[in-house]
Each structure stands twice: as structure tokens, then as C-alpha cells.
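**Student:** Quick one, fold the following:
(chains A, B, C and D)
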There are 2 protein chains.
Amino acid sequence: MPGKRASEEVRRGQILRAAFEVASREGIGSLTIRAVAAEAALSHALVHFHFQRKERLVQALLEWLIETTSVLHVSEEVARLPGALDRLHALLQQEMARLSHQPRHTRLFLDFWALGARHEWVRARIAAELERYRAAFREIMEELLRAEPRAFAATTADGLAAVAVSWIHGCAVQAMIDPENFDTGEYLGAMRGLVGPLA
Amino acid sequence: MPGKRASEEVRRGQILRAAFEVASREGIGSLTIRAVAAEAALSHALVHFHFQRKERLVQALLEWLIETTSVLHVSEEVARLPGALDRLHALLQQEMARLSHQPRHTRLFLDFWALGARHEWVRARIAAELERYRAAFREIMEELLRAEPRAFAATTADGLAAVAVSWIHGCAVQAMIDPENFDTGEYLGAMRGLVGPLA
DNA sequence: TTGTATATTTACCAATTGGTCAATAACGCC
DNA sequence: GGCGTTATTGACCAATTGGTAAATATACAA
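**Tutor:** Numbering: from 1, shown residues only, chains lettered A, B, ... in the order given. Predicted structure coming up:
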């Protein structure tokens, strides 16, 4: 006996939010259509009706995750900082704060990351997002090189951006597995100590 | 009709190697007792006989993985390098090389890492290993601080070790998801450019 | 050879899973 | 109110899964 109807758009959003709840709580490996349906208080057949195959639901969930994760948005406030180095520091700090403020998003991203090692479409999608991330850092690094050409003579903007991205991701996985020993201030201070003296 | 017998030790090793094959090929999520048994050309009941529950097999696999991964072993050659900074560079280079030379181990580690976000015993085991890893780096960093007290005045050995570990792990996950854009030389060169000028 | 311990297997069970399908009720339209 | 469209549901299916138990062949000792 069918319940109340809803538009396709509303229903899909509702199901995707439920999928996020289940996946972030139990892991993508434990994401079942039935669990999602139960979370959304719907029948599992309805999930099939809106997403056809399970793979498409997971695909849509990855898109949803990418869209709803506030990743590397250079805010007005940060952009208005005078020195390129200060902007870099602010950006690193902002990204580290994000890891702590959206822990479920970060954890789920790690899940997809692991999934990407086996499923080509996941790998490609994340690689594309990774490229955007790297490009945003590269921009800042180019400014930095222009501002302080002598101090950073030994490196390139690409290289510096790569280091920054690697570092952020390393922090993400460590914060996940060993949160007690993860001290944002210490990590940031050390990075500042490394980059700062050059300028 | 039972096949040839084998000692418990031999058989356990055989099963664990099969488990590694399956897990590294298809992911931990797809690791089933039957798949492992098929890989080892044994009956699935025998796997149960030797490991009781599936969780124990996965547990044993994590131990096996940690034991057989050549992680951060400071070789004689590296230890004999004169400068602390040179030793650090050599160590970073060695760790990056490991990521490329044991890609299946690295991938499987990432799988366990993601698993650790949901299973306490995985998290605790990896956190312990992470602490060992960090401690090894801390040792080098302390030497570095002793050798160049003025250059690294703004940081601590703990902080520097944390940055190094974060960076290595960030490289690991990036190399996994986006191998085409992962250039060891570039990454290493940029890190050298950051740390080198200080000394 | 006979007997015993156990490593190994086949057969089986219950639960879960992705997926399909026909029945049905809610909704907009006339 | 009647009617067609379709979102929604429960029932069902086949495959896979972790796990158990009894049967059986193997290795080894007496």
C-alpha cells in the first residue's frame, strides 16, 4: 500500500542523504540498497525505481559528496590578505580546519579513495577533483614565486602545490586513524616553520 | 574426499598468502572465505578450521601485511651518510620508492586504513604502527635540530616528524588515485627545496 | 596391521543481497 | 466524480555469504 508521493527531485535528494548517513556510518562496503531504504523510511524497490542499479546510487553519492564538501573555497577574507605567504598559511589552516569540521565527509572520501584503487570510474572522478585541488594551490604558489623569486629558486609552483596537497591528504588520513595524536596547531606550526623562513 | 595434509604453520601461511592475493586484487570488502579458499585451491571449510571466524582471518592478514611490508628500515647505507639532512633526504626518497615498489601492499594498507575508521581493533593496530613510524622520523629530526639549531629554531622534532609522515602518506594516497600525475622526482625535489635552504 | 587423532571435505543451513514484477494507491486532469 | 499516469509497495527469485556438522581419508604410533 503505497505512501505519499514526491517529485523525483525531492525523492532523489532524500535517498541520497539517507545513503550518506548509511555510508558514513557503516562504510561504503556496507552500503546496501535495503539499508538506505530503511534509513529513508522507504521501500527498497523505490530506491531501485529512482536509481536503477546500485552502482548508479554509489555514483550519485560520490557526486553528492563532492558537491556538498566545502573544499578549498578561497574566501573573500583570505583573498584580501596582503602577502602571498599569509594567504598560503591561511589556506592551509582553513583546509585543516575543514578536516575536523566535516569528519564524516572526510571519512567517506577516504572510503571512495580506497574504492578508486579498484573501480576505474571512481578513480577517474577523484583524479579530476584532485586536479582541481592541485590547480587551486598552484595559483597561490605562483603568486608566492613571483613575490619571493630568490627564496624559492630551487622549486617550481607545480612542485610546491604537489607538496601542499600531499601534506593535506596525509593529515586527513592521519587525523582519521589517530585523532588523539593529531594536533592541528603542531602540524601547522611545523609547516609554517618550514615555509616561513624562506621568505 | 580429503586431499594431502600439511602442518598448521604451512597451511596458515598458504592461506594468508591467498588472502593477500584476493584482498589486494579485489579489495578487503570483497574478501570472502570462499574466494580465499579457491585462490589456495582448498575447501572453504578448511579456512574456517584454521581461522575460526572471518574476522580472525582479516586480523591475521593485517599482521601479515605489517610484517611483510618493508617500512622505514634505516639501512646501513643510509645510516652511514655524514649529514643529518642528507640522511633525511635519503630516507624520504627511500620511502617514496617503497610506495612504487610495493604498490599492492600500499593499496591494501589504504584499504585497512579506511576500514580502521569503523573497526576499533583495526584503528588501534594501525595507530600503533603509525606511532612507530613517527618515532623513527622523530629520531632523525632530533639529530637535524642538534646539527642545525639556528635554522630550525621555529619548529620541534615532533612537529617536523609529523610533517614528514603526513607528507609520505599524502604521497601514498595520491600515487594510488592519480599515478600519471605523480612524479616522485618532482615531489622530492620540491620537498628538498623547502627543507634544504634552511640548513 | 590395527587403531587413533585430526586435517580435509562435502553437504547443508539461515541470513543477506541485488534485482524483477505485478498489484495498488496517490495524484493531476478533464 | 471518473480516468489515466506513475510513484510506491510487498512478494518473490537466484546468488552469495558466514558458519556448522557429519563423513572421510590421511598420517602416524603401537
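
**Student:** only C-alpha atoms for contact and neighbour calcs from this point on.
**Tutor:** Will do.

**Student:** isn't A:Ile177 right up against B:Leu115?
**Tutor:** No: A:Ile177 is not in contact with B:Leu115 according to Cα atoms under 8 Å; the separation is 9.5 Å.

**Student:** intersection of neighbour lists for these two?
**Tutor:** Here A:Ile177 and B:Leu115 share the contacting residues B:Arg123, scored by Cα atoms under 8 Å, 6 or more residues apart in numbering or on different chains.

**Student:** just checking, what's the longest helix in chain A?
**Tutor:** Counting residues, the longest helix found in chain A (DSSP state H) is helix A:120-147.

**Student:** Do it and chain B come into contact?
**Tutor:** Yes: Helix A:120-147 comes into contact with chain B (Cα under 8 Å from any Cα of the partner chain), by way of A:123, A:126-127.

**Student:** can I get those in a markdown table with pLDDT?
**Tutor:** Compiled in a markdown table, the residues of helix A:120-147 next to chain B are given as follows (pLDDT from 0 to 100):
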| residue | pLDDT |
| --- | --- |
| A:Arg123 | 96 |
| A:Ile126 | 96 |
| A:Ala127 | 95 |
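
**Student:** Convert the C-alpha atoms of the lowest-mean-pLDDT helix or strand in chain A to PDB, please.
**Tutor:** Ranking every helix and strand in chain A by mean pLDDT, DSSP states H and E puts helix A:76-79 at the bottom, with a mean of 78. Only the C-alpha atoms of helix A:76-79 are listed here, as PDB (Å, rounded to 0.1, in the frame of the first residue of the first chain):
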ATOM      1  CA  GLU A  76      36.900  36.900   0.400                       C
ATOM      2  CA  GLU A  77      38.600  37.200   3.700                       C
ATOM      3  CA  VAL A  78      41.600  35.100   2.800                       C
ATOM      4  CA  ALA A  79      41.800  36.700  -0.700                       C
END
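
**Student:** So which elements touch it?
**Tutor:** helix A:84-101 (3 or more Cα pairs under 8 Å, 6 or more residues apart in numbering or on different chains; DSSP states H and E).

**Student:** wait, does the helix it packs on contact chain B?
**Tutor:** No: residues of helix A:84-101 contacting chain B under Cα under 8 Å from any Cα: none, with a closest distance of 12.2 Å.

**Student:** contacting residues around A:Ala124?
**Tutor:** A:Ala124 sits next to A:Gly116 when contact means Cα under 8 Å, 6+ apart.

**Student:** Repeat the analysis, applying 10 Å as the threshold.
**Tutor:** A:116, A:130, B:177-178 (Cα atoms under 10 Å, 6 or more residues apart in numbering or on different chains).

**Student:** same check, this time on A:Ser75
**Tutor:** A:Ser75 neighbours (Cα under 10 Å, 6+ apart): A:91, A:94.

**Student:** A:Arg132 too?
**Tutor:** Shown in contact with A:Arg132 (Cα under 10 Å, 6+ apart): A:72, A:126, A:138.

**Student:** so where's chain A uncertain?
**Tutor:** A:1-2, A:198-199 (pLDDT under 70).

**Student:** Strands of that one, start to end?
**Tutor:** Counting by DSSP state E, chain A has no strands to list.

**Student:** A:Glu153 contacts B:Arg192, doesn't it?
**Tutor:** Heads up, residue A:153 is Ala, not Glu. No: A:Ala153 lies out of contact with B:Arg192 (Cα atoms under 10 Å); the separation is 11.7 Å.

**Student:** Give me the more crowded residue out of the two.
**Tutor:** B:Arg192 (18 against 11; other Cα atoms under 10 Å in any protein chain shown).

**Student:** on that earlier part again, ok, so of the contacts of A:Arg132, who is nearest DNA strand C?
**Tutor:** A:Ile126 (22.1 Å; Cα to the nearest atom of the strand).

**Student:** ok, now which ones touch that closest one?
**Tutor:** A:62-63, A:66, A:109, A:112-113, A:116, A:120, A:132, B:177-178.

**Student:** Could you tell me which of these count as buried?
**Tutor:** For the contacts of A:Ile126, a burial check counting by 16 or more other Cα atoms under 10 Å in any protein chain shown picks out A:62, A:66, A:109, A:112-113, A:116, B:177-178.

**Student:** From A:Leu91, how far out is A:Gly159?
**Tutor:** Using Cα to Cα, to the nearest Å, A:Gly159 is found at 17 Å from A:Leu91.

**Student:** any idea how far A:Ala45 is from the residue lying closest to A:His50 once chain neighbours are set aside?
**Tutor:** Nearest non-adjacent residue to A:His50, counting by Cα to Cα, 6 or more residues apart in numbering or on different chains: A:Arg12, 6.8 Å away. According to Cα to Cα, A:Arg12 and A:Ala45 sit 13 Å apart.

**Student:** Likewise for A:Pro149?
**Tutor:** 61 Å.

**Student:** Could you pick out the residues of chain A near DNA strand D for me?
**Tutor:** A:1-8, A:11, A:42-46, A:49 (Cα under 7 Å from any atom of the strand).

**Student:** Among the residues you listed, name the buried ones.
**Tutor:** A:11, A:42-44.

**Student:** that older thread, wait, which of the contacts of A:Arg132 is closest to A:Ala37?
**Tutor:** Within the contacts of A:Arg132, the smallest distance to A:Ala37 is 26.5 Å, found for A:Ile126 (Cα to Cα).

**Student:** quick revisit: quickly check the contacts of A:Ala124 for the two that are furthest apart.
**Tutor:** Pairwise over the contacts of A:Ala124, using Cα to Cα, the maximum falls at A:Gly116 and A:Leu130, 12.5 Å.
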